[in-house]
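>>> Quick one, fold the following:
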Amino acid sequence: MSLGYGGGCRKISEDADFVLDEYFSYNLSFEDRKKIFDGLILIKKSALLEPERREKFRRMPSGKRRKFVKIILREVPLYELIDSGDVQIENCSHAWSFLPNGIDRMAYRMCRKIFEYYQLEGTLPDKSSWFV
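Residues are numbered from 1 along each chain as shown. Sure thing, here's the model as predicted:
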């Protein structure tokens with residue numbers, strides 16, 4: 001059973017230095033679910049963090065050695081990136097819950113998902129969503 005709120009984002013442009021996503025958020029307690037992509041998330045690519053990769057070789061029962069790679073995600077200091085201007089967020093019109101610094105809570109969660117996806121896949125996602 002869903003709590004009735006969430007959001008989503010999609011990439012609208014990307015170049016060598018920046019990526020620009022548009023996002024929406026909704027809360028079914030206050031309004032109908034509308035996908036109005038009018039919020040913006042601008043991320044400087046130099047702010048993206050690479051994960052820590054640990055390689056390990058294991059001997060298989062057949063006697064062959066196989067390489068295993070473990071990816072350890074890094075914690076992204078998103079508040080510091082927002083304060084420094086490396087991540088810029090323009091709230092959408094249906095923003096209903098805000099962090100103490102005035103940022104839409106759903107936009108913050110979308111940024112977290114974008115940074116996590118980048119660390120796992122090595123590329124930026126075309127679309128992302130978060131529903132509860």
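
>>> CA atoms for contacts and neighbours, from now on please.
Noted.

>>> Disregarding residues adjacent in the polypeptide, which is nearest to residue 39?
Distances taken as CA to CA, 6 or more residues apart in numbering place residue 92 nearest to residue 39, at 3.8 Å, with adjacent residues excluded.

>>> before we move on, what about residue 74?
Residue 74 sits nearest to residue 51 (CA to CA, 6+ apart), 5.7 Å away.

>>> which residues sit against the longest helix along the chain?
Identified as the longest helix of the chain according to DSSP state H is helix 105-121. For helix 105-121, contacts defined as CA atoms under 8 Å, 6 or more residues apart in numbering pick out 6-9, 23, 25, 41, 48-51, 71, 73, 76, 78, 89, 91, 95, 97-99, 123-125, 128-130.

>>> Can you name the next helix or strand after it?
Remark: after helix 105-121, the chain's next helix or strand is strand 127-131, criterion DSSP states H and E.

>>> helices and strands around that following strand, which ones?
strand 5-14, helix 105-121 (3 or more CA pairs under 8 Å, 6 or more residues apart in numbering; DSSP states H and E).

>>> Check what contacts that strand and list those residues.
Against strand 127-131 from outside (CA under 8 Å, 6+ apart): 2, 4-11, 106, 109-110, 113-114.

>>> wait, residue 9 sits on residue 36?
No: if you go by CA atoms under 8 Å, residue 9 and residue 36 don't touch, sitting 10.4 Å apart.

>>> okay, now residue 13: neighbour count?
12 (other CA atoms under 10 Å).

>>> Beta-bridge partners for the nearest residue to it once chain neighbours are set aside, please?
Spatial nearest neighbour of residue 13, chain neighbours left out: residue 20 (5.3 Å); criterion: CA to CA, 6+ apart. Bridge pairing for residue 20 (DSSP bridges) gives the partners residue 13, residue 42.
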